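Student: sequence and predicted structure, then a few things I'm wondering about:
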Amino acid sequence: MPASFPRAARIRRRGEFTGVFDGGVKRHGRLMSVFVLPMPAGRARLGIAASKKIGGAVERNLAKRRMREVFRAAGLPAPLDIVVIPRRDLLTAPFESVRQEFATLVDVAARHGRRPQPSADQPRAPRRDRRV
RNA sequence: GCAGUGAGCCGGAUGACCGCCGCGUGGCCGUAGCGCGCUCGCAAGAGCGUGCGAAGGCCCGGGGAGGAAAGUCCGAACUCCGCAGGGCAGUGCGCCGGGUAACACCCGGGCGGGGCGACCCGACGGAAAGUGGCACAGAAAAUAUACCGCUCGCCGUCGCUCGGCGCCUUCGGGUGUCGAGCUGCGGCGCAGUAAGGGUGAAAAGGUGCGGUAAGAGCGCACCGCGCGGCUGGUAACAGACGUGGCAGGCCAAACCCCGCACGGAGCAAGACCAAAUAGGGGCGCGCUGGCUUCGGCCAAUCGGACGGCCCGUCCGAUCGACGUGUCCGGGUAGGUUGCUCGAGUCCGCCAGUAAUGGCGGACCUAGAGGAAUGGUCAUCCCGCCAUAGCCGGCGCGCCGCAAGGCGCGACGGCGACGGCGGACAGAAUUCGGCUUACAGGGUCACUGCGGCC
RNA sequence: GCCGGUAUCGUCUAGGGGUCAGGACACGUGGUUCUCAGCCAUGUAACCGGGGUUCGAAUCCCCGUACCGGUA
């Protein structure tokens, strides 16, 4: 299937970001952190929150582009909202390792979040994440 | 050849596969909708076919980061708010002339400083308008002063010379005292002086000669400085001349004075469309009977207060508070716009030393918005490192009568294969500047030194 | 994106052209105590970086860096 990445596959609103941060399942890896929130319908969507910690505009753009490419190549069919927080090592890591880490993190998080586990019902403290 | 100066330029290339965002009187599909035809139906309308076809999808074509896009330091455009006029305050700028929409920018010139030079650097108005500061050191830090020193006068004193007198004498002289002179030392002075010393970042024009008791612009020459007119220059300023013995330190990125400029906010400015919910306004509809002396009374309905709720009591209303329907305006989420044709880019000619301007021609060159302009790979290119190897002269050893040859060593150059690296940095309303960052490459002009012809 | 502000010992701060950059807490050493705490004495330790103005800069000016805040 020709994997594309149109605008409909992006998380764009601030409320959607905070929704994923608050309600999603988070997994951390060496190159990135991932928040995954299953949606009732639609397609998989990606949002990237690259903080200034990883570098200037050039570095942040590069991280976003590589992550978009990885997401596009993964071609997830399930309706998941995914927010990725890249780490600094993502910039220099080989592309194949980024692809693998993203795949395993999303897979683990989606498997964990799919069944209505009790941990999801526990009233998590609402996060005040201001990351953009 | 080496070292350097200035100006201007580029800032990886090619290909494959897979993507993103605009654009197009471009094609295809095609939803809502509209037109036409047919069928069904009494009709409203429904179904089918067909044409156009918002939105949307696919294809095709074409476009898609920078010299600094950066820092947000200046100046503008644009937008909203404020505003009779003027002043004060505040901020910025500050040699002169020019350029410009404007500027703290640019160009040319002046002056000062640096460099052998090509060239480079400079916040470069005013300190005899006022206020203030100048630590420590030093005599004194701005009304000049007088510590050492130098000089003069007076006093004291050691010594020397000369002279008078007394005493002694081997007649050479010795010695005591008095006087004069000289030199040294010490003290005193409302005395002179500011050359020299020392302190300091800085000490009241500099150098030399004369002069003087010693000195001093006290006099003179040159230099510096002030003033005056003259000449050149639009001017800043420069030059020569005359004149004045010197006017009085530094700091204004201390307060300040003088001159000039400036209203505030910023595209998250602002404009338009506008869901849901709440609230506002208009209109329509719903919403009483009896008695009466016309003040009201009774009941009903609605609303409010008391109350956890019901009953009840009280208050108000019964054409207006209420309920309901509908419309309108403001406005939030959200969307659209502002948004890229502009103090535009390139080429040529003309004016000007130049910045720049004028004329003519050609061109359209990113418009995103949790934010595109790319990802992955291959080949090439460039730089650095370095192995094998090759080349060069040098040193040492051996062979040779010699020319020379061989071996070893450190040095320099090239360097297949290989390894590492390829900067600074990402448009965010748009321009003009400034500043800062930057691997490497290449162009033109010029300077100094050395070599060769 | 736009618009502001701050920076001084390890921490919190004072100082706004010259005096040893001062104080508090913390830390080190010694003393007091049987020991610890406390107290006393003493010491180490800083002006964000680079330029400029000035005789002299933590202070004034310019450039940069880092951090913080406001604004939908």
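Tutor: Good, I have the coordinates. Owing to the predicted nature of the structure, the values given are computational and were not obtained by experimental measurement. Numbering: from 1, shown residues only, chains lettered A, B, ... in the order given.

Student: with RNA strand B in mind, check whether the top helix by length along chain A reaches it.
Tutor: Using DSSP state H to define each element, chain A has its longest helix at helix A:95-114. Yes. Using Cβ under 7 Å from any atom of the strand, helix A:95-114 reaches RNA strand B at residue A:95. C-betas here are computed from N, CA, C, even on glycine.

Student: so which bits of that helix are buried?
Tutor: Buried positions in helix A:95-114, judged by neighbour count with 16 or more other Cβ atoms under 10 Å: A:98-99, A:101-102, A:105-106, A:109-110, A:113.

Student: may I see the buried residues of stretch A:24-39?
Tutor: A:24-27, A:29, A:31-32, A:34-37.

Student: and the two most separated of those residues?
Tutor: The largest separation in the buried residues of stretch A:24-39, counting by Cβ to Cβ, is between A:31 and A:37 at 20.7 Å.

Student: would you say residue A:84 is within a helix?
Tutor: No. Assigned with DSSP: H, G, I helix; E, B strand; the rest coil, residue A:84 falls outside any helix and is strand.
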